[in-house]
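S.K.: When you get a sec, could you give me coordinates for this:
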Amino acid sequence: MKNVYEIGLLADFYGQLLTRRQYEIIDMYYNNDYSLGEIAEHLGISRQGVYDNLKRGKNLLIGFEKKMGLVEKHLKREYAVKKIMELISELDARDTNSNNREGYRKIVECLESLKED
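M.R.: Numbering: from 1, shown residues only. The predicted model follows:
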C-alpha cells in the first residue's frame with residue numbers, strides 16, 4: 001500500500017493512533033496535497049523533520065493495517081455489496097413477478113444502508 005489513495009484511506013482508519021503531529025503531516029501531504037516545503041513552513045519545522053514524520057507515520061499506518069486489516073475488510077465488504085447489487089439488478093430485470101421485485105427492492109435498500117456505514 002503505497003499510493004496516495006491507499007495511505008489516505010489508512011489515515012482515515014488509523015490516523016487517531018498516530019501522534020497529533022504525525023497525523024497532521026500525513027493529512028496535509030496525502031489528503032491536501034501540500035509539498036514537504038509547504039508543510040515545513042506551515043508547521044515551523046525543517047523539511048527533514050517533515051520527511052521523517054511522514055515516513056514514520058506511513059510505516060505505522062502500514063503496520064496497523066498488517067495487524068488489524070480493517071481497510072482490507074472494508075474494501076472486501078464494499079466490493080461484495082457492489083457485486084450483490086449488480087446481481088440483484090440482473091435478477092430484477094429478468095423477473096416479471098411483482099412480489100419478487102418488491103423483495104429485490106428491499107434487499108437493495110438493506111445493501112444501500114451497508115454502503116452508508
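S.K.: Who are the packing partners of the longest helix seen in the chain?
M.R.: In the chain, with assignment by DSSP state H, the single longest helix is helix 70-94. Secondary-structure packing of helix 70-94 (3 or more CB pairs under 8 Å, 6 or more residues apart in numbering; DSSP states H and E): helix 4-14, helix 98-116. In short, each C-beta sits where N, CA and C put it, glycine included.
S.K.: What is the longest one packed up against?
M.R.: So that's helix 98-116. So helix 98-116, by 3+ CB pairs under 8 Å, 6+ apart, packs with helix 70-94.
S.K.: The helix it packs on to helix 4-14, inter-axis angle?
M.R.: 110 degrees (axes from the mean of the first three to the mean of the last three CA atoms, to 10 degrees).
S.K.: which outside residues touch helix 70-94?
M.R.: 1, 6, 9-10, 13-14, 65, 100-101, 104-105, 107-108, 111, 114-115 (CB atoms under 8 Å, 6 or more residues apart in numbering).
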